[in-house]
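K.L.:
Next one to model:
(4 chains)
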Number of protein chains: 2
Amino acid sequence: MKNTPVTIKAIAATLNVSISTVSRALRDMPEVRAETRAAVQRLAAELDYQPNQLAKNLLYSRTRTIGVLMPNLSYHFYTAMLASIEEAALAAGYSLLVCQSNESHEREIINIQNLLRGQVEGFLLSVARDSTDYEHIARLTRRNFPLVLFDRYADEINASKVIIDDKGAAYRATEHLIEQGCRRIGFLAGPPNLLISNQRLLGYRAALVQYGLPLNDAYMLHCDLTPEDARTQTNRLMNLPAPPMACLWLATALPTPPCSR
Amino acid sequence: MKNTPVTIKAIAATLNVSISTVSRALRDMPEVRAETRAAVQRLAAELDYQPNQLAKNLLYSRTRTIGVLMPNLSYHFYTAMLASIEEAALAAGYSLLVCQSNESHEREIINIQNLLRGQVEGFLLSVARDSTDYEHIARLTRRNFPLVLFDRYADEINASKVIIDDKGAAYRATEHLIEQGCRRIGFLAGPPNLLISNQRLLGYRAALVQYGLPLNDAYMLHCDLTPEDARTQTNRLMNLPAPPMACLWLATALPTPPCSR
DNA sequence: CTGTTAGCGCATTCAC
DNA sequence: GTGAATGCGCTAACAG
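P.N.:
Okay, here's the model as predicted:
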């Protein structure tokens, strides 16, 4: 059960050298006689010695672990992000402590606590749908704790952010539809308390205004990111007396719709 | 930058008590005078004292962390599993170190190394598509390292397994199609070196035999789990002179097909 | 009720 | 070249 009973001390004892010599030999330090080093390394290999990372962690106060907090991994967007994050982390010799908030504010708080307890060196996080206040995150930034937000963010949070130009992108997408000849364009936005929803909505509205099209509230619906609600809201749009000729979705935030083919 | 400069020792110093008293007070041990405990706890709260988990880890040789190795999180099946695993882990006070092998044998080996280094207390893993030998996993079981396989397994691996009756399920599914009147049934199996692929294939074949239907090799294709190959193999089936009237997929292992609606 | 000591496994001074 | 001693932060005997 015990993972690694074989310690540096044990090696030192059987070889009749000191602990520090073993430590040095194992790390190929120059000031160690070749024969001694060889002997130590041979025995270490034989015993399948594994340095105790826990001890090193304490000594260096480092864990080489990054906490990742995702709203929901059933959105393919986040899964794809996770794959990339993992690749970069692996290349840098880091591991990932991964949690999902399931879009819940409370879960987000609990998870942050939990990750902190696991002594992550920093956080990557995308805020949950149901998070409205950000005190739990502010606590991190006040401590100057390494933190990067991605995709979903909030102006109140003073941290590095990896985001897109939500407003501009929505503007250009809307513009494209207008240029294709669409005059009635629907917009299925994400939850109203998510900043990216509103930014995109702004872009959409700006484009309509710019092109002299009417702003019709019936064409702008919010969706709470569940497949059910996505369906409900879509139906509401399509059942309008004059249904939209095209519709923009907050695609990255929507769960992959069940595929019926 | 330093996460927790405030240690138990610092508190002890400012309060003029011993380190152990602080330790005891903080953990609500009975043998501490009420006033002392109150004073300690007040100061600790004020300073936002956080016990150094690294030190505890070393002391107890425990990390409360479980390693999870998934073939690929873009398969919705694994994402769903991860959500459940996480829930159970959280409830038990554990964190998850998550890795993806991306179906690669080498990545699987590297990830196991990596997770071990992160000092996980045990593993949950589903073998990668490209893993043919299992020496890297045997190394774990030989050490008696806590390990549970799920979904994908191998007979050579001597560990607890959370799996389904692949053969029986495929048998019943095939039987169902036969009862619906299908006489030509296709079977799109997973990669040949995945045991679950073969188990399901066995069930399919057994059902055909049982019902006196011919075994036609042209109806049994392997698919390497990429969307591209899934499409290719499906086309091969459908372009047969007498294409199958129905087809069984190794659904859990296939990536969610891009949804075009 | 409280303080002192020892030790988790390792790296790192500082001596010799 | 090598060894003895110190400490990372904390808990657990063992005294008082």
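K.L.:
pretty sure A:Tyr78 is in a helix, no?
P.N.:
Yes: assigned with DSSP: H, G, I helix; E, B strand; the rest coil, A:Tyr78 falls within a helix.
K.L.:
For it, give me its contacts.
P.N.:
A:Met70, A:Pro71, A:Asn72, A:Ser126, A:Asp151 (C-beta atoms under 8 Å, 6 or more residues apart in numbering or on different chains). Glycine gets a C-beta too; all of them are placed from N, C-alpha and C.
K.L.:
Over to the residue of the stretch 101-250 of chain A found nearest DNA strand D. Which of the three states is it?
P.N.:
Of all residues in the stretch 101-250 of chain A, A:Gln119 sits closest to DNA strand D, at 11.1 Å by C-beta to the nearest atom of the strand. Recorded secondary structure, A:Gln119: coil (three-state DSSP).
K.L.:
do the same with A:Gly186
P.N.:
Per three-state DSSP, A:Gly186 ends up strand.
K.L.:
returning to what we had before: hang on, isn't the residue of the stretch 101-250 of chain A closest to DNA strand D packed against B:Ala55?
P.N.:
No: using C-beta atoms under 8 Å, A:Gln119 is not in contact with B:Ala55, being 10.1 Å away.
K.L.:
Would you mark the buried spots in the helix or strand hosting A:Asn57?
P.N.:
Using DSSP states H and E, A:Asn57 sits within helix A:53-60. If you call a residue buried by 16 or more other C-beta atoms under 10 Å in any protein chain shown, then helix A:53-60 has these buried ones: A:Gln53, A:Leu54, A:Lys56, A:Asn57, A:Leu58.
K.L.:
A:Glu86 and B:Val98: what is the separation?
P.N.:
8 Å (C-beta to C-beta, to the nearest Å).
K.L.:
Specify the beta-bridge partners of A:Gly186.
P.N.:
Judged by DSSP bridges, the bridge partners of A:Gly186 are A:Cys247.
K.L.:
How far away from the center of its chain is stretch A:121-139?
P.N.:
11 Å (C-alpha atoms, centre = their mean, to the nearest Å).
K.L.:
Strands of chain A, residue ranges please.
P.N.:
Listed in chain order, the strands of chain A (DSSP state E) span A:65-70, A:95-100, A:122-125, A:147-150, A:160-162, A:185-189, A:220-222, A:246-249.
K.L.:
The third one close to chain B?
P.N.:
What that stands for is strand A:122-125. No: counting by C-beta under 8 Å from any C-beta of the partner chain, no contacts exist between strand A:122-125 and chain B, the nearest distance being 10.3 Å.
K.L.:
about what we covered before: DNA strand C: which of the contacts of A:Tyr78 is nearest?
P.N.:
Nearest to DNA strand C among the contacts of A:Tyr78, with distances taken as C-beta to the nearest atom of the strand, is A:Met70, at 33.5 Å.
K.L.:
bridging residues for the closest one?
P.N.:
A:Gln100.
K.L.:
Spell out which parts of the stretch 1-150 of chain A neighbour DNA strand C.
P.N.:
Taking C-beta under 7 Å from any atom of the strand as the criterion, the stretch 1-150 of chain A approaches DNA strand C at residues A:7-9, A:19-20, A:23-24, A:26-27, A:51-52, A:54-56, A:58-59.
K.L.:
Kindly recompute the last result at 10 Å.
P.N.:
Within reach of DNA strand C by C-beta under 10 Å from any atom of the strand, the stretch 1-150 of chain A has these residues: A:2-12, A:18-27, A:29, A:31, A:44, A:49-60.
K.L.:
Please flag which of the residues you listed sit within helices.
P.N.:
Members of these lying in helices (criterion: DSSP state H): A:8-12, A:19-26, A:44, A:53-60.
K.L.:
A:Ile109 contacts A:His136, doesn't it?
P.N.:
Yes: contact criterion C-beta under 8 Å: A:Ile109 and A:His136 qualify, at 4.7 Å.
K.L.:
Mean pLDDT and mean neighbour count for the strands of chain A - can I get that in CSV?
P.N.:
CSV is the format used below for the strands of chain A (pLDDT from 0 to 100; neighbours: other C-beta atoms under 10 Å in any protein chain shown):
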stretch, mean pLDDT, mean neighbour count
strand A:65-70, 96, 24
strand A:95-100, 93, 24
strand A:122-125, 96, 21
strand A:147-150, 96, 18
strand A:160-162, 96, 12
strand A:185-189, 93, 24
strand A:220-222, 93, 18
strand A:246-249, 86, 20
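K.L.:
possible to save the ones you listed as a markdown table with distance to B:Tyr211?
P.N.:
Compiled in a markdown table, these are given as follows (distance: least, C-beta to C-beta, whole Å):
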| stretch | distance to B:Tyr211 |
| --- | --- |
| strand A:65-70 | 46 |
| strand A:95-100 | 44 |
| strand A:122-125 | 54 |
| strand A:147-150 | 54 |
| strand A:160-162 | 56 |
| strand A:185-189 | 48 |
| strand A:220-222 | 51 |
| strand A:246-249 | 46 |
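K.L.:
could you dump those to TSV with distance to DNA strand D?
P.N.:
Output for these, formatted as TSV (distance: least, C-beta to the nearest atom of the strand, whole Å):
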stretch	distance to DNA strand D
strand A:65-70	17
strand A:95-100	20
strand A:122-125	19
strand A:147-150	22
strand A:160-162	27
strand A:185-189	46
strand A:220-222	46
strand A:246-249	49
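K.L.:
Of the ones you listed, which is nearest B:Gln113?
P.N.:
Closest to B:Gln113 of the strands of chain A is strand A:95-100 (C-beta to C-beta; 10.8 Å).
K.L.:
tell me what the closest one is packed against?
P.N.:
In terms of contacts (3 or more C-beta pairs under 8 Å, 6 or more residues apart in numbering or on different chains; DSSP states H and E), strand A:95-100 is packed against strand A:65-70, helix A:76-91, helix A:105-117, helix B:76-91, strand B:95-100, helix B:105-117.
K.L.:
Buried residues of stretch A:213-227, list them for me.
P.N.:
Buried residues in stretch A:213-227, counted by 16+ other C-beta under 10 Å: A:Leu213, A:Tyr219, A:Met220, A:Leu221, A:His222, A:Cys223, A:Asp224, A:Leu225.
K.L.:
Point out where chain A drops to low pLDDT.
P.N.:
A:1-4, A:250-261 (pLDDT under 70).
K.L.:
ok, 80 please
P.N.:
Filtered on pLDDT under 80, chain A yields the residue ranges A:1-5, A:118, A:227, A:250-261.
K.L.:
contacting residues around A:Glu31?
P.N.:
With C-beta under 8 Å, 6+ apart, A:Glu31 has these contacts: A:Arg24.
K.L.:
A:Thr132 now?
P.N.:
A:His105, A:Asn193.
K.L.:
wait, isn't A:Asn198 in contact with A:Pro192?
P.N.:
Yes: under the criterion of C-beta under 8 Å, A:Asn198 makes contact with A:Pro192 at 7.0 Å.
K.L.:
now the helices: where do they sit in the stretch 101-250 of chain A?
P.N.:
Applying DSSP state H, counting those that start in this stretch to the stretch 101-250 of chain A gives helices spanning A:105-117, A:135-142, A:166-179, A:195-210, A:227-238.
K.L.:
now for the first one, which elements pack on it?
P.N.:
Pointing back at helix A:105-117 there. Judged by 3+ C-beta pairs under 8 Å, 6+ apart, helix A:105-117 is in contact with strand A:65-70, strand A:95-100, strand A:122-125, helix A:135-142, helix B:76-91, strand B:95-100.
K.L.:
Determine which of those approaches A:Ala39 most closely.
P.N.:
That would be strand A:95-100 among these, by C-beta to C-beta, at 32.9 Å.
K.L.:
I'd like to check the angle between the closest one and helix B:76-91, please.
P.N.:
Calculated by axes from the mean of the first three to the mean of the last three C-alpha atoms, to 10 degrees, strand A:95-100 forms an angle of 90 degrees with helix B:76-91.
K.L.:
quick one: strand A:95-100 to strand A:65-70, angle?
P.N.:
Going by the same axes, to 10 degrees, strand A:95-100 makes 20 degrees with strand A:65-70.
K.L.:
Nothing else from me, thank you.
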